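In: Quick one: sequence and predicted model below, then my questions.
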Amino acid sequence: MMETLLCASGLGFRFRPGAPPLFDEVDLALQPGQVTAIIGPSGSGKTTLCHCLSGIIPLLRGGETWGSVTIKGKPVDQMRIPEIARNLGMVSQDPEAGLFFPVVEDEVAFGPENLCLEPPVIRARIDEALGNVGITDLRLRNPHRLSGGEKQLVATASVLSLHPEILILDEALSQLDGRGRWMMERLILRLRATGKAILMVTHDPNHLDVADHTFILSNGRLSPFHGDWAAFPAGPEGAC
Amino acid sequence: MIPNDSATLQHFDPRAKLILVLSISSLAVAFNHPIVLLPLSAVTFLAARFFGVQILRAMSSIRRLLWVFVAMGMIQSVFTPGGEAVLAVGGISLVSTVGLVRGVSIILRIVVIVVSAAIMTTANPRDIVQGLSQWRIPYEITFMVAVVLRFLPLMREEAEDTLTALQLRGVRLETLPLRTKIRIYRHLLYPLIANVLSRAEKMSISVEMRGFRAYPQRTSHRNLVFSPRDYGVIATSILIVMGVLLPYYWNWLPTS
Ligand SMILES: Nc1ncnc2c1ncn2[C@@H]1O[C@H](COP(=O)(O)OP(=O)(O)OP(=O)(O)O)[C@@H](O)[C@H]1O
Ligand SMILES: [Mg+2]
């Protein structure tokens, strides 16, 4: 079996000491070439879990965690954020908040520039990332004047250009139209074929088609999900 | 402040604009006589027109402050004795020539600084950052400049949104007494700051997770080069500075 890229075991979290835990005893392993999906009702802690898995908690944000998270065998709390960034990319739920530059291509170039890649390599990465999510024509536009779905695609491209081995998509498909979803699903399958480990948080049962494993986060526990929507706390509609 | 997608005037190198703006505003700070400030403001207005600054909008952004300076100028002209009386009541000189000159200088100075600074707002923020880093200014500093350029319009948007929300609820701020107004503004400030802080946090997470500060250097996919027109702007700046400094060294300027 191939090396596990990201592994969480006995992971728990609470916002402040003494508060009830948001989730506990979470075990999760992301393997290369596999797509893992997490579903769960609003407020169940999916975004917070993504933050714990990517080291944002505890490295950048507060809160109390226990258990362990390792990236390529190394505990995240002993890593520095730039080191994590070379292995793991995360598209956040609120793409607008993460967009910084007034031109799309600069946004996409930002990561590779931080990694000190040569300018021709960076330009190739911009072309590739924009092409992968199907927004080559938006290259010179101002991200802040794009639609919600287009912003999600820009945010995704700006993470893809780093070529992360682990990709976390926190509802990155939620505002896309049919074509956008289709592009993204094809992209996810292509990335899976190249051996990336992908974690996607979703509210949409249709996205589960591309997932190899699906888990449900609810009542503070992460458990395998077998398409049993009746067991879903608020039913499939309530989830959307 | 987010640049237009189409403006051709952005094709000036922001560093050239910066040189021009710095030349003009340091002259305005160093010389406080209308004999310098009057032609300097004429030049500034010309330059601002050339770069497509909306001068009225730039002035209106400091509208309230402007009154303070006009008042300061008036007070200066009333209380500074010396010279001949311009306006006298019953033999007591109210406004003297020296005072008038001082008052006019103060106003001109502010106008020159504000209008010339507005020229920088016509530069594309990413070019400003790029230009500064090509001047070997550490990227952490240039990035701070970029953050400010990014967040200033954001704060204005947030403030406008909150004000609109108030107006939609039928609150008419203009008609309220000053004390109530101040109280409302204070209440607006908290959500405003909270919003901006939360956006700043999300922004910094996104930036850090894309490897910011991974190395002491960064590369860039773009490269700015000065074009002949940029050299034209720089030459103009030198001419302006010379046009003031030479007469000064030749003692042609009145000392004030
Ligand atoms: N700083 C904080 N302090 C206390 N509670 C918080 C804080 N941030 C978020 N929460 C709470 O934690 C819970 C989980 O939030 P989270 O964003 O992880 O949920 P989610 O599963 O991603 O929801 P959604 O499906 O709406 O994205 C929510 O009930 C939220 O109110
Ligand atoms: Mg969420």
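Out: Received the coordinates, thanks. Just so it is clear, the model here is predicted, and its values are computed rather than measured. Residues are numbered from 1 along each chain as shown, chains lettered A, B, ... in the order given. Ligands and ions are numbered 1, 2, ... in the order given.
In: how close does A:P32 sit to ligand 1?
Out: 26 Å (Cβ to the nearest ligand atom, to the nearest Å). The C-beta positions use only the backbone N, C-alpha and C, and glycine is treated the same way.
In: before we move on, which element is the residue lying closest to that residue once chain neighbours are set aside in?
Out: In this structure, A:P32 finds its nearest non-sequential neighbour in A:G195, 4.4 Å apart by Cβ to Cβ, 6 or more residues apart in numbering or on different chains. Assigned by DSSP states H and E, A:G195 belongs to neither a helix nor a strand.
In: interface residues of the stretch 151-256 of chain B facing chain A?
Out: Residues of the stretch 151-256 of chain B that fall close to chain A, judged by Cβ under 8 Å from any Cβ of the partner chain: B:199, B:201-215, B:217-223.
In: how about a cut-off of 10 Å?
Out: Contact residues (Cβ under 10 Å from any Cβ of the partner chain) of the stretch 151-256 of chain B with chain A: B:153-154, B:157, B:198-223.
In: Out of the residues you listed, which end up buried?
Out: Neighbour-count burial (16 or more other Cβ atoms under 10 Å in any protein chain shown) is assigned, among these, to B:154, B:199, B:202-203, B:205-214, B:218-222.
In: show me the contacts for the spatially most central residue of chain A.
Out: For chain A, the residue nearest the mean C-alpha position is A:I168 (1.9 Å; Cα atoms, centre = their mean). For A:I168, the contact set (Cβ atoms under 10 Å, 6 or more residues apart in numbering or on different chains) comprises A:6, A:30, A:36, A:38, A:49-51, A:53-54, A:88-92, A:159, A:197-201, B:209.
In: From ligand 2, how far off is the residue nearest to A:E171 when sequence neighbours are not counted?
Out: Nearest non-adjacent residue to A:E171, counting by Cβ to Cβ, 6+ apart: A:Q93, 4.9 Å away. A:Q93 sits 5 Å away from ligand 2 when distances are taken as Cβ to the ion, to the nearest Å.
In: Quick check: A:Q93 is in a strand.
Out: No: using DSSP: H, G, I helix; E, B strand; the rest coil, the assignment for A:Q93 is coil, not a strand.
In: Please state the offset of stretch B:244-251 from the chain centre?
Out: 27 Å (Cα atoms, centre = their mean, to the nearest Å).
In: Counting neighbours, which bits of it end up buried?
Out: B:V244.
In: Quick one: mean pLDDT for that stretch?
Out: In this model, stretch B:244-251 has a mean pLDDT of 88.
In: Dump it to CSV, restricted to CA.
Out: What follows is stretch B:244-251, C-alpha atoms only, in CSV (Å, rounded to 0.1, in the frame of the first residue of the first chain):
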residue,chain,number,x,y,z
VAL,B,244,12.0,75.8,-7.9
LEU,B,245,15.4,75.0,-6.6
LEU,B,246,17.5,77.1,-9.1
PRO,B,247,15.6,80.4,-8.4
TYR,B,248,15.9,79.5,-4.7
TYR,B,249,19.7,79.2,-4.9
TRP,B,250,19.9,82.3,-7.0
ASN,B,251,18.0,84.1,-4.3
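In: do you know how far whichever residue of the stretch 51-200 of chain B sits closest to ligand 1 is from A:G55?
Out: Residue of the stretch 51-200 of chain B nearest ligand 1, by Cβ to the nearest ligand atom: B:S198 (9.7 Å). B:S198 is 20 Å from A:G55, where distance means Cβ to Cβ, to the nearest Å.
In: low-scoring stretches of chain A, by residue?
Out: Applying pLDDT under 70 to chain A picks out residues A:1-2, A:229-240.
In: who in it is up against ligand 2?
Out: A:K46, A:T47, A:Q93 (Cβ under 5 Å from the ion).
In: try 8 Å
Out: Chain A has residues A:S42, A:K46, A:T47, A:T48, A:C50, A:Q93, A:D170, A:E171, A:V201 near ligand 2, with proximity defined as Cβ under 8 Å from the ion.
In: on that earlier part again, wait, the residue nearest to A:P32 touches A:Q34, no?
Out: Yes: counting by Cβ atoms under 10 Å, A:G195 does reach A:Q34; the two are 9.4 Å apart.
In: thinking B:G211 is in contact with A:I81, fair?
Out: Yes: with contact defined as Cβ under 10 Å, B:G211 counts as touching A:I81 (8.2 Å).
In: just to revisit the earlier point, inside strands: which ones of the contacts of A:I168?
Out: Counting by DSSP state E, the contacts of A:I168 place A:6, A:30, A:36, A:38, A:88-91, A:197-201 in strands.
In: Just flag the most distant two among these.
Out: Across these, no pair lies farther apart than A:I38 and A:G89, at 16.7 Å, counting by Cβ to Cβ.
In: got a list of what the residue in chain A that chain B sits nearest to touches?
Out: Nearest residue of chain A to chain B, counting by Cβ to the nearest Cβ: A:G98, 2.9 Å away. Contact analysis of A:G98 by Cβ under 10 Å, 6+ apart lists A:90-92, A:107, A:143, A:151, A:154-155, A:158-159, B:199, B:202-207, B:209-210.
In: Which parts of the chain are strands?
Out: Went with chain A since none was named. Under DSSP E, chain A gives strands at A:6-14, A:23-30, A:34-39, A:64-71, A:74-75, A:88-91, A:166-170, A:197-201, A:213-218, A:221-224.
In: um, chain B though
Out: Taking DSSP E, the strands of chain B run over residues B:85-89, B:92-96.
In: Render the CA-only coordinates of the first one in PDB, please.
Out: Only the C-alpha atoms of strand B:85-89 are listed here, as PDB (Å, rounded to 0.1, in the frame of the first residue of the first chain):
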ATOM      1  CA  ALA B  85      -3.700  96.200   6.100                       C
ATOM      2  CA  VAL B  86      -5.900  94.600   3.500                       C
ATOM      3  CA  LEU B  87      -9.000  94.900   5.500                       C
ATOM      4  CA  ALA B  88      -9.200  97.400   8.400                       C
ATOM      5  CA  VAL B  89     -12.100  98.300  10.600                       C
END
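In: ok, back up a step: now do the residue nearest to A:E171 against ligand 1, distance only.
Out: With distances taken as Cβ to the nearest ligand atom, A:Q93 is found 6 Å from ligand 1.
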